[in-house]
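> Whatever this is, show me its structure:
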Amino acid sequence: MPVMRPNLGKQRTAAVDGELRTTWLGHACYLVEFPSGLRVLFDPVMTDRCSPVSFLGPKRFTEAPCTISDIPIVDIVVISHNHYDHMSYPTIAEIQKHHPNAHFFAPLGNADWFRSCGITAVTELDWWREADVVIAGQSLDGAGISARLTCLPAQHNSGRTPFNTDRTLWASWAVESGGGKVFFAGDTGYRAIPHAVAAAAAEAARIAETEAQGKTEVDADFEDEYYDSHVDELPPACPAFAQIGKLHGPFALGLLPIGAYEPRGLMASIHASPADAVEIFRDTRCGRGLAMHWGTWVMGDEDVRDPPRRLRLALARKGMPAEGLFDVSMLNDKNPMKVQTAPRGQAIRPTPLVLIHDGGGTTFSYFSLGSLGRDVWALHNPKYFTSERWDGGIDEMVKHYIDLIKGAGIRGTIFLGGWSLGGYLSMAIARALATEPSSRIRVAGILLMDSPFLVCGAKLPSDTPPPDVQLPELVQKSLDNCHDMLHDWELPTWGGAACGGKSVRFTTEKRAKSFLVPSRSAMYKPLGGEWTSVETGSFEGTDSQQAAGRAILPPGVLLRSVDRAPPKGGDKGVPCRVDVFRDETMLGWDHKHLSFIKAVIDTPSHHYGLFNQEN
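Predicted structure coming up:
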């Protein structure tokens with residue numbers, strides 16, 4: 001997932017109307033600033049792996065957004081239990097180093113572990129026990145900051161080795177300071193689901209999903225719908241959360257887990273699903289909710305990026321708003337997001353590059369690019385997590401994406417580009433900007449990352465097989481939506497010759513080589529070969545293209561994967577949709593569209609492996 005470095009503020013700030021300030025730092029870690037100025041860090045784990053050793057165990061799917069040294073103020077550290085994804089020795093040691101005055105709170109039985117680490121400022125509590133603490137001289141008026149912490153029940157377990165399972169307590173927590181009260185659920189289940197019921201729900205979901213195929217309006221959580229209709233077959237929910245709400249609620253904010261819930265027959269008793277989290281939110285009487293315990297490590301069988309979608313559906317089933325009540329706190333909500341920054345000190349600032357998402361809707365792959373020496377922005381499908389469709393198709397996307405680019409303050413001359421669908425969208429956005437009155441954005445070039453010439457789906461051979469690749473559920477949904485929109489959509493028309501019929505200067509990396517590329521030709525670099533000039537053929541514009549006026553198609557660079565993607569079924573005689581023009585140097589653009597591609601660079605992969613680490 002994309003990650004943005006947080007701005008955590010070096011000074012305590014006065015709260016407005018008792019507001020809380022929260023920053024999600026991945027998994028179950030939140031930094032919360034209370035109205036009093038108190039800053040509490042919940043379940044911090046900043047290591048790459050959550051395991052006893054640094055070279056084994058679950059590895060981060062999403063990198064940490066910061067280090068402990070980047071956090072300017074930590075007054076209190078709250079630990080829910082001693083599993084490695086919630087209590088990390090390297091992270092605790094860093095806190096002790098950079099924040100030696102921080103006070104640690106943990107459930108019963110954990111204090112000895114902290115003392116063995118050289119930490120004496122630790123308080124352990126049993127369920128339903130509370131402690132008051134005063135941070136002397138740290139309030140905005142110079143007085144002390146007071147807080148009350150209450151250790152509360154959760155439905156989970158503990159243990160750091162096979163030999164000390166459940167020897168220490170696990171807990172949820174309430175923290176109150178300056179009129180702000182937060183419920184931190186830690187790691188918890190809500191109700192157990194018998195294996196037989198879980199298997200029946202999975203089978204019912206499989207049948208429902210099969211029946212729903214082709215019905216574009218369907219977006220449902222069939223498993224949870226099964227549980228809702230068979231609640232009499234389920235054990236009762238954990239009563240502790242209703243008790244917490246009655247005795248300690250209401251809370252201004254609840255920090256609630258929504259991930260690592262599959263398979264339900266195994267996980268339900270210890271890990272809440274998004275639907276369970278909604279019930280915990282209601283039971284504990286939280287005014288607002290923020291999700292956690294997802295998107296950081298792959299800890300369950302579900303797609304690591306799927307919990308937000310299921311949370312939205314769970315809220316809808318309860319008649320609750322999808323936004324503004326119980327939200328998913330993203331590691332970065334900006335769109336587009338700046339993924340690279342131009343080096344400082346250059347006399348001439350390099351032209352920025354805006355990359356548009358691929359058919360899967362994400363921009364994750366663009367984070368693996370090497371340094372491009374310029375500002376690089378990545379724009380993802382804002383409907384990715386909800387799997388919603390664009391009612392107006394590609395044209396609606398283009399209009400919305402132009403608004404997003406402008407909203408990010410991007411102005412002047414830019415490059416546009418993207419992988420696969422991102423290349424087509426870049427051309428459509430460039431076309432729209434070129435005809436926009438008084439546009440403050442000028443597209444100087446287009447980067448096509450293995451975007452073959454687009455043949456709308458309606459004109460493709462009916463026997464074109466899908467690729468034999470395993471894709472996450474949300475990515476597959478986005479691809480299906482994309483294919484539907486491209487069924488009848490064709491690339492926009494342009495006026496006159498590409499690049500105005502003029503030669504184009506193409507310069508390679510680090511200015512190693514520079515070529516003046518004439519009209520109707522391009523530079524080509526095959527695998528292991530040298531740059532050569534190739535003819536691109538002539539193209540006569542149609543009446544509709546001549547009618548496109550002064551919108552001139554800017555020059556393009558094409559990255560070309562040389563291998564075919566493996567087709568489903570194994571019949572390599574029939575290429576996948578992305579490989580119809582695979583054997584052509586220009587991937588079908590030559591003779592079929594305006595001669596705008598001025599450089600082609602081969603890459604050793606197939607279409608879906610373009611951004612593999614080994615490439």
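> in the stretch 351-500 of the chain, which spans are helices?
Using DSSP state H, counting those that start in this stretch, the helices found in the stretch 351-500 of the chain span residues 393-407, 421-434, 473-485.
> Give the helix, strand or coil label for the closest residue to L108 other than its chain neighbours.
In this structure, L108 finds its nearest non-sequential neighbour in L169, 4.1 Å apart by CB to CB, 6 or more residues apart in numbering. No exception for glycine: its C-beta is placed from N, CA and C like everyone else's. Classification of L169 using DSSP: H, G, I helix; E, B strand; the rest coil returns coil.
> Could you check the pLDDT of L169?
Per-residue confidence at L169 stands at 98 (pLDDT).
> how much space is there between it and D590?
As defined by CB to CB, to the nearest Å, L169 lies at a distance of 69 Å from D590.
> try T386
39 Å.
> neighbour-wise, which of those two wins?
Set T386 next to D590 and count neighbours by other CB atoms under 10 Å: D590 wins out with 21 against 16.
> does that one count as helix, strand or coil?
Quick answer, by three-state DSSP: D590 is coil.
> Hmm, it is touching V600, no?
No: contact criterion CB atoms under 8 Å: D590 and V600 do not qualify, at 9.8 Å.
> follow-up on the earlier one: which one of the helices of the stretch 351-500 of the chain lies closest to V562?
helix 421-434 (17.3 Å; CB to CB).
> Output the contacting helices and strands for the closest one.
strand 353-356, helix 393-407, strand 412-419, strand 441-449 (3 or more CB pairs under 8 Å, 6 or more residues apart in numbering; DSSP states H and E).
> Pick the most deeply packed of the ones you listed.
Here the criterion is mean neighbour count by mean count of other CB atoms under 10 Å, and of the helices and strands packed on helix 421-434 the winner is strand 353-356, at a mean of 27.
> Pull the distance from that one to the chain's centre.
How far strand 353-356 lies from its chain's middle: 17 Å, per CA atoms, centre = their mean, to the nearest Å.
> pLDDT averaged over it, what's the number?
98.
> swap in stretch 236-245?
The model assigns stretch 236-245 a mean pLDDT of 97.
> need the helices of the stretch 351-500 of the chain in JSON lines with mean pLDDT and distance to I258, can you?
Shown next, in JSON lines, are these (pLDDT from 0 to 100; distance: least, CB to CB, whole Å):
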{"stretch": "helix 393-407", "mean pLDDT": "94", "distance to I258": "26"}
{"stretch": "helix 421-434", "mean pLDDT": "95", "distance to I258": "29"}
{"stretch": "helix 473-485", "mean pLDDT": "86", "distance to I258": "15"}
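> Just send those back as JSON lines, with distance to L313 too.
Shown next, in JSON lines, are the helices of the stretch 351-500 of the chain (distance: least, CB to CB, whole Å):
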{"stretch": "helix 393-407", "distance to L313": "23"}
{"stretch": "helix 421-434", "distance to L313": "26"}
{"stretch": "helix 473-485", "distance to L313": "13"}
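> closest one to F326 among those helices?
Closest among these, using CB to CB: helix 473-485, at 19.4 Å.
> what comes into contact with that closest one?
For helix 473-485, the external contacting residues (CB atoms under 8 Å, 6 or more residues apart in numbering) are 216, 303, 305-306, 309, 359-362, 381, 384-385, 387, 389-390, 393-394, 397, 421, 457, 471.
> Among those, the buried ones, what's the PyMOL command?
Buried residues among the contacts of helix 473-485 (16 or more other CB atoms under 10 Å), as a PyMOL selection:
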select buried, resi 303+305+306+309+359+360+361+362+381+384+385+387+389+390+393+394+397+421
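> and this structure, what are its domains?
21-193+235-327, 337-609 (automatic domain parsing).
> Could you look over those domains and pick the most buried one?
Buried most deeply of those, by mean count of other CB under 10 Å, is domain 21-193+235-327, with a mean of 20.
> which residue ranges form the helices in this structure?
Secondary structure of the chain (DSSP state H): helices at 89-98, 111-116, 195-212, 222-229, 240-248, 264-267, 274-283, 307-317, 393-407, 421-434, 473-485, 543-546.
> nearest to T341, of those?
Nearest to T341 among these is helix 393-407 (17.2 Å), distances taken as CB to CB.
> Is it correct that L516 is in contact with R505?
Yes: using CB under 8 Å, L516 makes contact with R505 at a distance of 5.8 Å.
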